[in-house]
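Student: With the input below, show me the fold.
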Amino acid sequence: MRIGFGQFSKATPEYFRFAAQYGATDILLNKADIPGTGGRWELQDLVKLRLSAEQYGLKLTALENVPTHFYDEIMLGGDGRDRQIENMIYTIRNIAKAGIPIFGYNWMPSMVWRTTPKSIRCGAFATAFDYEEAKAMPFTHGREYFEDEMWQNLEYWINIITPIAEEEGIRLGIHPCDPPVEKLGGIPQLLRSFDSYKRLIEIVDSPSNAIEFCQGTFSEMEGDDIYEMIRYFGEREKILYVHFRNVSGQVPKFHEEFINTGYVDMYKAMKIYHEVGFDGFFIDDHVPNTYQDTEWGHRGRAFANGYIQGLLEAVTKGC
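Tutor: This is a model prediction of the structure:
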């Protein structure tokens with residue numbers, strides 16, 4: 001188990017130096033800021049990303065998310081689906097050839113949703129969600145979509161892309177729908193529960209069909225036990241890496257928290273990762289906005305990173 005830094009898109013010396021100075025070994029770039037000509041990424045640009053991280057002694061272990069317009073027709077079953085699938089196959093092959101072993105993505109055409117922010121400890125602000133407030137929002141893609149058609153689209157994609165990933169030696173993982181509610185803006189949030197993820201990994205039984213384990217979002221899932229889910233998917237080696245964050249509770253209403261003030265016992269969670277033999281990395285995620293911090297959240301991320309490192313040492317040394 002290792003420390004990673006991520007949730008930035010620009011591969012700048014400042015971000016890499018910060019990550020290395022705070023003890024990270026792994027880097028995750030989110031929606032990497034590289035040219036996307038024709039809806040796909042080119043090999044030379046991906047190699048440059050990897051080499052830029054290696055200059056600071058870091059490993060570019062994962063890329064998380066391509067621009068949504070690279071594959072929105074795949075998610076929604078649009079007329080351009082087959083063209084986008086060809087481009088995504090091209091991109092995923094290039095990610096693997098560039099020496100980047102993990103590609104994380106999502107099945108959220110409308111991306112992450114939040115409502116009115118919440119003031120938490122001493123005036124820090126955290127993102128929040130209230131399903132009743134969100135239900136009043138209009139359709140995001142022109143009409144209402146339905147569970148069956150969205151599952152058909154996902155299964156079509158998984159059955160095509162998993163053999164490609166196996167061939168190239170790359171692992172793919174899907175982020176849960178955040179927030180994990182039934183529907184938003186007319187779009188079903190497919191990956192919103194323990195059962196939905198069981199269904200996902202059974203579409204194709206392969207190490208390349210895995211999970212981008214956002215612990216924060218899994219913790220938001222109504223009625224599901226976060227510790228049971230960590231153990232279940234960890235024992236099956238389906239967890240590629242972990243967004244290690246905390247929340248106040250589960251849907252229909254929650255807000256995000258400091259890493260050590262939410263409802264999840266983070267020490268207990270870390271012990272389970274260790275017990276099941278998880279060998280990936282942990283990154284902070286969605287840190288609260290605090291006094292005089294940057295837009296990216298350097299202070300909040302340094303705090304979360306230090307807390308994660310302390311937990312790692314505690315569980316691995318048997319404290």
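Student: hey, where'd the strands end up in the stretch 1-150 of the chain?
Tutor: Secondary structure of the stretch 1-150 of the chain by DSSP state E, counting those that start in this stretch: the strands cover 2-8, 26-30, 59-64, 102-106, 118-119, 125-126, 128-130.
Student: Might you calculate how far the first one sits from the centre of the chain?
Tutor: It stands for strand 2-8. Distance of strand 2-8 from its chain centroid, counting by C-alpha atoms, centre = their mean, to the nearest Å, is 11 Å.
Student: Give me the angle between it and strand 59-64.
Tutor: Counting by axes from the mean of the first three to the mean of the last three C-alpha atoms, to 10 degrees, strand 2-8 lies at 50 degrees to strand 59-64.
Student: just the CA coordinates of strand 2-8, formatted as CSV?
Tutor: C-alpha atoms of strand 2-8 as CSV (Å, rounded to 0.1, in the frame of the first residue of the first chain):
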residue,chain,number,x,y,z
ARG,A,2,1.4,3.3,-1.1
ILE,A,3,0.7,7.1,-1.2
GLY,A,4,-0.4,8.8,-4.3
PHE,A,5,-1.2,12.4,-5.3
GLY,A,6,-3.6,13.3,-8.0
GLN,A,7,-6.8,15.2,-9.0
PHE,A,8,-4.8,17.7,-11.1
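Student: Other residues contacting that strand?
Tutor: Strand 2-8 is contacted from outside by 15, 18-19, 22-30, 61-62, 64, 241, 280-285, 296, 301, 305, 308-309, 312, using C-beta atoms under 8 Å, 6 or more residues apart in numbering. From N, CA and C alone the C-beta is placed, and that goes for glycine too.
Student: how does it look with 7 Å?
Tutor: Contact with strand 2-8 is made by 15, 19, 23-30, 61, 64, 241, 281-283, 285, 296, 305, 308-309, as judged by C-beta atoms under 7 Å, 6 or more residues apart in numbering.
Student: can you count the residues close to the residue lying closest to residue 185 once chain neighbours are set aside?
Tutor: Residue nearest to residue 185 in three dimensions, not counting chain neighbours: residue 140, with 3.5 Å by C-beta to C-beta, 6 or more residues apart in numbering. By other C-beta atoms under 10 Å, 15 other residues sit near residue 140.
Student: Tell me where the protein has helices.
Tutor: 13-21, 43-54, 72-76, 81-97, 131-134, 147-168, 194-203, 215-220, 226-235, 266-275, 298-316 (DSSP state H).
Student: Could you state which residue of the protein sits nearest its centroid?
Tutor: In the chain, the centroid-proximal residue (C-alpha atoms, centre = their mean) is residue 175; its distance is 4.5 Å.
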